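*Asks:* Any chance you can model this:
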Amino acid sequence: MTVWVKLQELPKSGQENLPKALESVSVETIRKWELLMICWMDAYCEGLRAKEAQIKVKQFSSRRYTSHRRIPEAVATAFDY
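*Replies:* As a prediction, the model looks like this:
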């Protein structure tokens, strides 16, 4: 779920600070946080509690893979038709 906010709808301080804040953060960092938040939202939508959600999110973390060019066989077969 993506939330779009028009800059004109923000309070005056937000209109001034938002562009500065976005410029101070790399796109890569924003994308990493977006993926992490999607994992958390999915866990909570499944009705998991905080500790259970934390375990589920940790399963999807990038620490699971040892190479950026390989994924485990189980994950690869999940995407096969």
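
*Asks:* ok, and for the lengthiest helix in the chain, which residues are buried?
*Replies:* Longest helix in the chain by number of residues (criterion: DSSP state H): helix 27-45. For helix 27-45, burial by neighbour count (16 or more other Cβ atoms under 10 Å) applies to C39, W40, A43. In short, each C-beta sits where N, CA and C put it, glycine included.

*Asks:* how far away is the first one from E9?
*Replies:* So that's C39. Using Cβ to Cβ, to the nearest Å, C39 is found at 28 Å from E9.

*Asks:* Can I get the buried residues of helix 27-45 in CSV including distance to R70?
*Replies:* Output for the buried residues of helix 27-45, formatted as CSV (distance: Cβ to Cβ, whole Å):
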residue, distance to R70
C39, 21
W40, 26
A43, 25
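
*Asks:* Considering these, which is situated nearest to A21?
*Replies:* W40 (21.4 Å; Cβ to Cβ).

*Asks:* Angles on the backbone of the nearest residue in space to Y44 that is not next to it in sequence, please.
*Replies:* In space, and not counting its chain neighbours, Y44 is closest to A53: 5.9 Å by Cβ to Cβ, 6 or more residues apart in numbering. Note on A53: its backbone torsions stand at phi -60, psi -40 [degrees, to the nearest 10].

*Asks:* need the helices for the chain, in chain order.
*Replies:* According to DSSP H, the helices that the chain contains are 12-23, 27-45, 50-59, 73-78.

*Asks:* re the thing from before, which residues make contact with the longest helix of the chain from outside it?
*Replies:* Helix 27-45 is contacted from outside by M1, E52, A53, K56, V57, F60, using Cβ atoms under 8 Å, 6 or more residues apart in numbering.

*Asks:* chain center to that helix, what's the gap?
*Replies:* In terms of Cα atoms, centre = their mean, to the nearest Å, the centre of helix 27-45 is found 1 Å from the chain centre.

*Asks:* ok, now stretch 11-21?
*Replies:* 23 Å.

*Asks:* Restricting to C-alpha, output that stretch in CSV.
*Replies:* Below are the C-alpha coordinates for stretch 11-21, written out as CSV (Å, rounded to 0.1, in the frame of the first residue of the first chain):
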residue,chain,number,x,y,z
PRO,A,11,1.2,22.3,6.6
LYS,A,12,3.7,25.1,5.8
SER,A,13,6.5,23.5,7.8
GLY,A,14,6.0,20.2,6.0
GLN,A,15,6.1,22.0,2.6
GLU,A,16,9.5,23.4,3.5
ASN,A,17,11.0,20.4,5.3
LEU,A,18,9.9,17.5,3.1
PRO,A,19,12.0,18.2,0.0
LYS,A,20,15.0,18.8,2.3
ALA,A,21,14.4,15.5,4.1
